[in-house]
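from the sequence below, what's the structure:
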Amino acid sequence: MTLAIAAADLQAIRAAAEAAYPDECCGLLMGRNGPDAWMVEELIACANVAIEPARRFEVDPKALIAAHRAAREAGRELIGPYHSHPDGRARPSDHDRARAAEAGAEGEVWLIVPATAAGPGAPRAYLFEAGNFREIPIAARARGRGGGRSRAPKK
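As a prediction, the model looks like this:
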């Protein structure tokens, strides 16, 4: 399986990581699960409401509920979250693994981008299955039919 996402959306996530630094940015990947790829059709940037936003991310629960509702209405699904790792690597932390298991994130794809004071690095994607993350390829694409919208977080 592959995560197919517009190159402009990858750039928007990298820009969010840079803007949030030294805190973690976060948001949601919305779209459809196809036979060979998860197709990201929309990004929803969310407020990070974690108690320690420089070390953790927590999507605003109101935004998460609204995203699920909007996805149902549009025939889409939540593919998974994206977030940054300030001064870290683009791989799931032990905390990410624990949160994914706690949240019942089986089958979700998590996109992680590293960020430093010098700027963001290359994002990587991971499928959460059987209690662990497995890296999957990212296929950057030009904006195409049915996707590539980005929304800023609601205040």
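
please count neighbours and contacts with C-alpha atoms only from this point.
Fine.

and for this structure, the residue most distant from the center?
What lies farthest from the middle of the chain is Ala118; by C-alpha atoms, centre = their mean that is 21.5 Å.

phi first, then psi, for that residue.
Dihedral angles of Ala118 (phi, psi; degrees, to the nearest 10) stand at phi -80, psi -10.

the closest residue to Thr116 other than its chain neighbours - how many residues pack around it?
In space, and not counting its chain neighbours, Thr116 is closest to Asp87: 5.0 Å by C-alpha to C-alpha, 6 or more residues apart in numbering. Neighbourhood size, Asp87 [other C-alpha atoms under 10 Å]: 19.

could I get the contacting residues of Asp87?
By C-alpha atoms under 8 Å, 6 or more residues apart in numbering, Asp87 lies in contact with Pro22, Pro114, Ala115, Thr116, Ala117.

quick check: the residue farthest from the centre of the chain vs Pro86, distance?
11 Å (C-alpha to C-alpha, to the nearest Å).

do Arg55 as well
Distance from Arg55 to Pro86, by C-alpha to C-alpha: 8 Å.

name the residues contacting each of the two.
Going by C-alpha under 8 Å, 6+ apart, residues that sit against Arg55 and also against Pro86 are Asp23, Glu24.

and these two? Which one has more around it.
Pro86 (26 against 16).

quick check on the more buried one: phi, psi?
phi -60, psi 130.

wait, it touches Thr116, no?
Yes - assessed by C-alpha atoms under 8 Å, Pro86 is found in contact with Thr116 at 5.8 Å.
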